[in-house]
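Engineer: Predicted model and sequence below, questions to follow.
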Amino acid sequence: MSLYKKKDYLFNSVTTINGVGPKLSKYLKNKKIESINDLLWNIPYDYTDRRKTVELDKLEVGKTLTIKVLVKKYNFPRLRRLPNKINCEDNKGKIDIIFFNSREGYLKKILPLNEWVVISGKINFYNKKYQITNPEYITKISNIDYVAKIVPKYSLTEGLNEKSYRKIIKQVLDNLPEINEWYDDTFIKKMNFLPWKKCILDLHNIKGDKDINSSIYRRLAYDEIFAHLLTLSNNRKVIRINKNKKKKFKKKLAEKIITSLSFTLTKSQVKVCSEIELDLLSHKRMFRIIQGDVGSGKTIVSLIAASMVLESNFQCAFMAPTEILARQHFELAKKIFINTKINIEFLTGKSEYKLKKKILGELKDGSINLIIGTHALFQKKIFFKNLGLIIVDEQHKFGVKQRMNLAKKGGDNCDVLLMSATPIPRTMMMTLYGDMDISKITEKPVNRKKIITLTKPEDKIKELWPYIKKEVASDNQIFWVCPLIDESQFLNYTSVTKRYDVLNKLYPKKVDIIHGSISKEEKISVLKKFLKKKISILVSTTVIEVGIDFPNANLIIIENADKFGLAQLHQLRGRVGRGTKQAICILLFKNTLSKKAIKRLKILKSTDDGFLISEEDMKLRGYGDIIGFQQSGLKYFRIADPVHHEDLFKIAETHIKEVEHDLLKGSKFSFLLKLFDKAEILNEVDSD
């Protein structure tokens, strides 16, 4: 087989492997394994040692063991739905070997009466007797070496068994091609990198080093990091194209807005406004994200950015993920631009047909200057006369492809500004937003009071009732957060349904509930009721809308606070403190706290700096659990870990700047990009 064909082999469908038919390929697809390459990254999580045979008086239930037994008796029932049972024994005990859907003739052949055999499988105990159901291996004593060995254990799904899966992966590893290196010799020596093929083989080998910081892992982790950052680098080049028509403005409208505000912009806000201004005046298209904590004033900054674009006689589109958040931005924008000639409209998927038709016409002829709404703004049938800026709030669901599509929608002259209220660590920032310029708002408005954070054991919850009663009587509003929707017999956590029942009895008609299982319409309806102060207490899971201002809510109670990560607790805490009253966050916890949980609560009480909290959260929990990364729309890394491999991210960042001049299509990196599913994204970029 030629080198080209061998390389191509890895990207063939799993159905090209001997023994993989439609049924088996369907089961593999459930594990997100569709190509031969996907099999490489389903790494063994453990190993089973079958080398030692165990006598029947030494069996352990639940373990996969190898036994040497004498076949004594067949039990083949007449009813087909009943299993076949074969009695076996050794000098120390007895065991039943159970088979479902097996033919008698086949069983008699592999388990001949009065002969010793070697059997390997999981030990069960039923009706006071040991059993192995559908054993993995059965062979003659003379062929014991076939069974008695160390074998890898893979994470599988229903319909797949380890024996058949190991046959599949063995075929792949036996056909693994020799690949020409994509890094130069100097870099390989500097990094002490092992060859790619050896690393893959060792990854699946029982003798391979499974330490995440071993030379095997670090080589493959770097490959993945490099491929990811190289993709973002190329995406950045495509997005940051030259504008045909630059923005021209004297900032008169921006200055009018700033002087009319009831507060002074923070230093961070002023700095970010300046960064955006330079981008807008630049001949390169802006693609920038504003990272800022909850309540740091990102929306005001974005509307000031909009004012500069509007003064340049361009249109602006402002998109939010939900109708309620979009409506909030619309009301704020009307206040901001109240004494100007700016025509502002609101559009969602629920807008009435006549109104929608009118708005579409006015967007096309340029009558509307600023349009605010949901994703409905970017439907194919909507056309702008002169779109100059797209603003997207809470863009955490936007991955690389979505960002590219957004840039395309606006055209060559359209700048793009994204906002996120989820502060994340630097490594993850690079991972998620490496194709963008990043601005940070690190300060809170000076008139905003710091939220007081308190902790209390859950067994003293009754001490809160007088305080809750006083808050409700004072017409204040309360968020009450629980981790579960319904009660669970397996998890000792409070559910929203149970807490709602308790609170509703104490305060009839003043309590409502939202969670992930209710409809979107119902959720919006409840949030509107809370916003209009028609209810006093809102019991919720973590679905409380990020970014929405509830100025009258000044108390949040979070039950089972030890169940949540630091960043998530900080996000929840940010739901209050948006008004003039002193806000309080009460964290209820169980007495049996782990050391990590105690540390999390201490950190949260000591600071309200979202960026610091996100760094600490990643150290404690690992990158996979960080809020924001889960919601980013990106797949988790298969090998790399931003916590353990942070140094590799920094090396790759520098390395990419040295090789950026290399053409990606047909370059030495093309195979690497295909290995980590990045080639498809690049093809989409290059095809435009």
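Structural biologist: Happy to help now that I have it. Numbers count the residues shown, from 1 in each chain.
Engineer: Show me where the chain dips below the pLDDT cut-off.
Structural biologist: Confidence mapping of the chain against pLDDT under 70 gives the ranges 1-7, 206-210, 395-407, 486-493, 545-547, 621-636, 661-666, 679-688.
Engineer: mind giving me the domain split of it?
Structural biologist: For the chain, the structural domains run 51-148, 179-239+645-688, 252-441, 452-607, going by automatic domain parsing.
Engineer: Any idea which of the ones you listed gets closest to residue 29?
Structural biologist: If you check each of the domains of the chain against residue 29 by CB to CB, domain 179-239+645-688 wins as the nearest, at 15.1 Å. Quick note: C-beta positions are derived from backbone N, CA and C, even for glycine.
Engineer: out of the domains of the chain, deepest packed?
Structural biologist: Greatest average neighbour count among the domains of the chain goes to domain 252-441 (a mean of 19), per mean count of other CB atoms under 10 Å.
Engineer: Now the terminal residues of that one, how far apart.
Structural biologist: Start and end residues of domain 252-441 are separated by 24 Å (CA to CA, to the nearest Å).
Engineer: So that it lines up with my notes, have the first residue be 286 from now on.
Structural biologist: In the new numbering, first residue 286, that becomes domain 537-726.
Engineer: Would you mind pulling up the elements that the biggest helix by length in the chain packs against?
Structural biologist: When every helix of the chain is counted residue by residue (DSSP state H), the longest turns out to be helix 500-524. Identification of packing neighbours for helix 500-524 by 3 or more CB pairs under 8 Å, 6 or more residues apart in numbering; DSSP states H and E yields helix 481-489, helix 685-695, helix 931-944, helix 955-960, helix 964-971.
Engineer: about what we covered before: can I get the domains of the chain in a markdown table with distance to residue 900?
Structural biologist: Putting the domains of the chain into a markdown table (distance: least, CB to CB, whole Å) gives the following:
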| stretch | distance to residue 900 |
| --- | --- |
| domain 336-433 | 40 |
| domain 464-524+930-973 | 11 |
| domain 537-726 | 5 |
| domain 737-892 | 10 |
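Engineer: Residue 454 is nearest to which of those?
Structural biologist: Closest approach to residue 454 among the domains of the chain (CB to CB): domain 464-524+930-973, 6.5 Å.
Engineer: Could I get the full set of strands for the stretch 686-835 of the chain?
Structural biologist: Using DSSP state E, counting those that start in this stretch, the strands found in the stretch 686-835 of the chain span residues 700-705, 722-726, 737-742, 762-766, 796-799, 822-825.
Engineer: Let's have these in CSV, adding distance to residue 438.
Structural biologist: Written out in CSV, the entries for the strands of the stretch 686-835 of the chain read as follows (distance: least, CB to CB, whole Å):
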stretch, distance to residue 438
strand 700-705, 39
strand 722-726, 42
strand 737-742, 41
strand 762-766, 38
strand 796-799, 42
strand 822-825, 40
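Engineer: mind listing what's buried in stretch 321-334?
Structural biologist: Applying a neighbour-count criterion of 16 or more other CB atoms under 10 Å, the buried positions in stretch 321-334 are 321-329, 333.
Engineer: Residue 924: which of these is nearest?
Structural biologist: Closest approach between the buried residues of stretch 321-334 and residue 924, by CB to CB: residue 326, at 7.1 Å.
Engineer: Nearest residue to the closest one in space, please, no chain neighbours.
Structural biologist: Closest residue in space to residue 326, ignoring its immediate chain neighbours: residue 923 at 4.3 Å, by CB to CB, 6 or more residues apart in numbering.
Engineer: roughly how far apart are the one you found and residue 317?
Structural biologist: The span separating residue 923 from residue 317 equals 10 Å under the rule CB to CB, to the nearest Å.
Engineer: Residue 567 now?
Structural biologist: On the measure of CB to CB, residue 567 and residue 317 end up 41 Å apart.
Engineer: Repeat that for residue 534.
Structural biologist: On the measure of CB to CB, residue 534 and residue 317 end up 48 Å apart.
Engineer: more crowded one of these two?
Structural biologist: More neighbours surround residue 534 than the other of residue 534 and residue 317, with 18 against 11 (other CB atoms under 10 Å).
Engineer: Let me see the backbone angles for the nearest residue to the more buried one once chain neighbours are set aside.
Structural biologist: Excluding the flanking residues, the one nearest residue 534 by CB to CB, 6+ apart is residue 596, at 4.0 Å. Backbone geometry at residue 596, expressed as degrees, to the nearest 10, gives phi -70, psi -20.
Engineer: if I pick residue 596, what's in contact with it?
Structural biologist: Residue 596 sits next to 534-539 when contact means CB atoms under 8 Å, 6 or more residues apart in numbering.
Engineer: could you dump those residues to JSON lines with distance to residue 733?
Structural biologist: Rendered in JSON lines, the data for the contacts of residue 596 read as follows (distance: CB to CB, whole Å):
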{"residue": "534", "distance to residue 733": "30"}
{"residue": "535", "distance to residue 733": "32"}
{"residue": "536", "distance to residue 733": "26"}
{"residue": "537", "distance to residue 733": "29"}
{"residue": "538", "distance to residue 733": "26"}
{"residue": "539", "distance to residue 733": "23"}
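Engineer: tell me the strands in the stretch 336-485 of the chain, going along the chain?
Structural biologist: For the stretch 336-485 of the chain, the strands defined by DSSP E, counting those that start in this stretch cover 349-360, 369-375, 378-384, 401-411, 414-418, 422-425, 435-438.
Engineer: The ones you listed into CSV, with extra columns for distance to residue 463?
Structural biologist: Conversion of the strands of the stretch 336-485 of the chain to CSV gives the following (distance: least, CB to CB, whole Å):
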stretch, distance to residue 463
strand 349-360, 35
strand 369-375, 47
strand 378-384, 43
strand 401-411, 35
strand 414-418, 42
strand 422-425, 33
strand 435-438, 23
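Engineer: Relative to residue 503, which of the strands of the stretch 686-835 of the chain is closest?
Structural biologist: Using CB to CB, the strands of the stretch 686-835 of the chain put strand 722-726 closest to residue 503, at 26.9 Å.
Engineer: who's in contact with that closest one?
Structural biologist: Under the criterion CB under 8 Å, 6+ apart, residues 551, 553-554, 556-557, 560-561, 564, 571-578, 581-583, 586, 714, 896 lie in contact with strand 722-726.
Engineer: chain center to that strand: distance?
Structural biologist: 22 Å (CA atoms, centre = their mean, to the nearest Å).
Engineer: And the furthest pair within the buried residues of stretch 321-334?
Structural biologist: 322 and 333 (25.9 Å).
Engineer: residue with max distance from the center of this structure?
Structural biologist: Ranked by distance from the centre of the chain (CA atoms, centre = their mean), the top residue is residue 399, with 56.7 Å.
Engineer: Check the spacing between it and residue 357 real quick.
Structural biologist: Relative to residue 357, residue 399 is positioned 8 Å away (CB to CB).
Engineer: Residue 845 now?
Structural biologist: Here the distance between residue 845 and residue 357 works out to 54 Å (CB to CB).
Engineer: Could you do residue 882 as well?
Structural biologist: As judged by CB to CB, residue 882 and residue 357 stand 55 Å apart.
Engineer: same question, residue 332
Structural biologist: According to CB to CB, residue 332 stands 32 Å off from residue 357.
Engineer: before we move on, back to that, of all the domains of the chain, which one is nearest residue 295?
Structural biologist: domain 464-524+930-973 (7.6 Å).
Engineer: Quick one: distance of the closest one to the chain centre.
Structural biologist: Going by CA atoms, centre = their mean, where domain 464-524+930-973 is centred and where its chain is centred differ by 22 Å.
Engineer: ok, residue 847 to residue 741 distance?
Structural biologist: For residue 847 relative to residue 741 (CB to CB), the value is 12 Å.
Engineer: Repeat that for residue 677.
Structural biologist: Taken as CB to CB, the span from residue 677 to residue 741 is 39 Å.
Engineer: Was I right to think residue 801 contacts residue 770?
Structural biologist: Yes. Using CB atoms under 8 Å, residue 801 is in contact with residue 770, at 6.8 Å.
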